[in-house]
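A.B. asks: need coordinates for the below:
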Amino acid sequence: MSIPQLLLCLCLSMVCAWSKPTEKKERVHHEAPLSAKAHDDAQSFDYDHDAFLGADEAKTFDQLTPEESKERLGKIVSKIDEDKDGFVTVDELKDWIKFAQKRWIFEDVERQWKGHDLNEDGLISWEEYKNATYGYIL
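C.D. replies: Numbering: from 1, shown residues only. Predicted structure coming up:
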């Protein structure tokens, strides 16, 4: 092996040793959290309220007296109890939380649609989208 080849091999091995390793990408897809609030039951139940009621409904419950809140939650529990046996099962509770989250998503989509459909024809053209999103003038 000649000196230039030896120097080339030495340089390449040094470059490999000092190069930054590639970042490891996460391979697991995590579901979106049920609330943007911190989940710490020792501090508050805000996360649970958002997950159980949906963010908008949880805001209204925050403004109620404890008696009014208890009465409203009683009405909600009767909606959750799908088989009307007087008990809420884990599956019924999971279904309710999914329902509350989907309802919020659909309501948000409807708000977004109305905000982008500037001429209110039920369709969103590219021009309307650009105007609503980026502030272009039609």
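A.B. asks: helices and strands around the longest helix belonging to the chain, which ones?
C.D. replies: If each helix of the chain is counted by residues according to DSSP state H, the longest one is helix 90-116. Counting by 3 or more C-beta pairs under 8 Å, 6 or more residues apart in numbering; DSSP states H and E, the packing neighbours recorded for helix 90-116 are helix 46-53, helix 55-62, helix 66-80, helix 126-134. Any C-beta I mention is one placed from the backbone N, CA and C, and that applies to glycine too.
A.B. asks: relative to residue 101, which of these is closest?
C.D. replies: Taking C-beta to C-beta as the criterion, residue 101 comes closest to helix 46-53 out of those, the separation being 7.6 Å.
A.B. asks: for that closest one, buried residues please.
C.D. replies: Neighbour-count burial for helix 46-53, counted by 16 or more other C-beta atoms under 10 Å, picks out 46, 47, 48, 49, 50, 51, 52, 53.
A.B. asks: just give the closest residue to the second one, not the sequence neighbours.
C.D. replies: What it means is residue 47. With sequence-adjacent residues excluded and distances taken as C-beta to C-beta, 6 or more residues apart in numbering, residue 47 is closest to residue 39, at 4.1 Å.
A.B. asks: over to the third one?
C.D. replies: Take residue 48 and drop its neighbours on the chain: the residue closest to it by C-beta to C-beta, 6+ apart is residue 41, 7.2 Å away.
A.B. asks: so what's the residue count around that neighbour?
C.D. replies: Using other C-beta atoms under 10 Å, residue 41 has 9 neighbouring residues.
A.B. asks: hmm, residue 49 and it touching each other?
C.D. replies: No. Here residue 41 does not reach residue 49: they are 11.3 Å apart, not a contact under C-beta atoms under 8 Å.
A.B. asks: please consider this matter closed, and thank you.
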